[in-house]
Each structure stands twice: as C-alpha cells, then as structure tokens.
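Chemist: Any chance you could fold what I've pasted below:
(chains A and B)
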Amino acid sequence: KAGVTQTPRYLIKTRGQQVTLSCSPISGHRSVSWYQQTPGQGLQFLFEYFSETQRNKGNFPGRFSGRQFSNSRSEMNVSTLELGDSALYLCASSFTGDGNTIYFGEGSWLTVV
Amino acid sequence: EDQVTQSPEALRLQEGESSSLNCSYTVSGLRGLFWYRQDPGKGPEFLFTLYSAGEEKEKERLKATLTKKESFLHITAPKPEDSATYLCAVQAQETSGSRLTFGEGTQLTVNP
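Modeler: The predicted structure follows:
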C-alpha cells in the first residue's frame, strides 16, 4: 500500500519567489493536512482540506495557501518567500480526519536564500 | 488553546535500560492522543492513537498509556535502532477534521 507522497523532496528558492508543493494522499483518504516543521517552532498546523474544501486553518499569513483536487491530491503554495519560510513542509492524510489514524509523508525541504 | 508539553527534551539510555517519556496535555475535550516517531530528515511515523483515559497500547518494545492529563510512552529494553525523536500530539473534539497540536518532542538516544 503506497504511503503519502510528497514532491519535490528538496528545493532551493530565492527570497521573493513563490513555491508550490504537491502531496498525493494514501488511496481512499479524503483529508489532507499540511504542517510546517522548524527547529525553533516544532510542528505547526497550516491547513486541512477535505473534499476539496478547506476545513481548518492555522495561524499563518495569507502568503500560505492550498487547494485540493477531486482525486484528493493537494498542493500548497507560498508566495513572496521569506528567509523564515525555510522549513520542512509535511503533508498528512487520513480517511476523514475525525479520530482516524493520520499518516505523514516524508516532507519537502524548502530552503530560501 | 490546546497545549502539549513533552519531557524530557532529550534522553540518553544504554541499550537495555528501560525508561518512560512524558506527554502532558491541555485540551478542552480530547478526541485522540497520537504518538509518532521521527527519524532525522524524515516524516513522522505513526505509532499509536489513544482515545480515553485508562487505555493502553503496545507495539514491540513500546507501550503507550493515557490518563486525563498526560500520556506516557514506556520503552522496555531499548535497542540502538529505537533512537529517534518521539512526538506527541492531541486532537480536540471541538475541532472537526484532522488538526493536530504537537509537543516539541523527546530526542531519544540509545547507546550500544
């Protein structure tokens, strides 16, 4: 059974640019969440999508956005990149999210220079 | 606001030396408490979900327990391959969906 797949795994961007990260959830899972992990802040919730609708949103600026497609695949976008956006971005999937097991992908390492 | 505090921040054990990791939480209503293991440069790997006080779950050398205020991850006779960061997270009843609030983690090192 394939796990959560994230692409790309590593990328380097310049300050001011934008970036799009992709996530393919486990087959049959309809809930996709995104997290940012940094050494200083730990794992912080960005947002969750369920059936193509944003269901939850964390405390991040509007530069961080996402969407979900009809096949449950999800993308997140960060515009006007700042040095502080350098982090590991993790995608997680579950059947519906409400108490179900939540599985994480390997993450996308973003470095902003 | 949901809060999760893990202790200790770091723990160094000798192979075979059993110990426990603590996760204290504050949440308006607990839907589930999750334990994950994370190796350097990788995503968190699911270990357990606990739903109600008194519940216990085991997997190999790991055993997770839950009370109304905290959870423990007991590691029995650890091996070097158990070295990793162990993360605890809570999911609140009042929030629909899969939103998790994580602790900072406990970095475990098991020396041979």
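Chemist: What sits closest to residue 69 if chain neighbours are left out?
Modeler: I'll assume chain A. Spatial nearest neighbour of A:Phe69, chain neighbours left out: A:Glu52 (6.9 Å); criterion: C-beta to C-beta, 6 or more residues apart in numbering or on different chains. For every residue, glycine as well, the C-beta is placed using N, CA and C.
Chemist: wait, I meant chain B there
Modeler: Excluding the flanking residues, the one nearest B:Lys69 by C-beta to C-beta, 6+ apart is B:Ser24, at 6.3 Å.
Chemist: Distance of that neighbour relative to B:Thr5?
Modeler: 5 Å (C-beta to C-beta, to the nearest Å).
Chemist: for A:Thr5, same thing?
Modeler: 32 Å.
Chemist: What residues of stretch A:52-67 count as buried?
Modeler: A:Arg55, A:Asn56, A:Gly58, A:Phe60, A:Phe64, A:Ser65, A:Gly66, A:Arg67 (16 or more other C-beta atoms under 10 Å in any protein chain shown).
Chemist: what's the following helix or strand after the one helix or strand the second one maps to?
Modeler: Taking DSSP states H and E as the criterion, A:Asn56 maps to strand A:53-57. Secondary structure here is assigned by DSSP H and E; on that basis, the next helix or strand after strand A:53-57 toward the C-terminus is strand A:64-68.
Chemist: mind checking pLDDT for the closest residue to A:Val4 other than its chain neighbours?
Modeler: Leaving aside its sequence neighbours, A:Val4 sits nearest to A:Gly105 (C-beta to C-beta, 6+ apart; 3.6 Å). On pLDDT, A:Gly105 comes in at 98.
Chemist: And for the one 4 residues further on?
Modeler: The pLDDT attached to A:Trp109 in the predicted structure is 98.
Chemist: where does the nearest residue to it once chain neighbours are set aside land on pLDDT?
Modeler: Once flanking residues are discounted, A:Trp109 sits nearest to A:Tyr10: 4.7 Å by C-beta to C-beta, 6+ apart. A:Tyr10 is assigned 98 on the pLDDT scale.
Chemist: neighbours around A:Tyr10, how many?
Modeler: 9 (other C-beta atoms under 10 Å in any protein chain shown).
Chemist: Please apply the same query to the one 5 residues further on.
Modeler: The tally of other residues near A:Arg15 (other C-beta under 10 Å) stands at 12.
Chemist: Pick out the least confidently modelled helix or strand of chain A, by mean pLDDT.
Modeler: Every helix and strand in chain A was compared by mean pLDDT, DSSP states H and E; the lowest is strand A:53-57, with a mean of 93.
Chemist: Residues contacting it, please?
Modeler: Strand A:53-57 is contacted from outside by A:31, A:33, A:45-49, A:66, A:68, A:97, B:95-99, using C-beta atoms under 8 Å, 6 or more residues apart in numbering or on different chains.
Chemist: Listing partners with orientation, what would you give for it?
Modeler: Sheet pairing for strand A:53-57, assigned by DSSP bridges, gives strand A:42-50 (antiparallel).
Chemist: A:Arg30 contacts A:Ser74, correct?
Modeler: No: at 10.7 Å, A:Arg30 does not count as touching A:Ser74 under the criterion of C-beta atoms under 8 Å.
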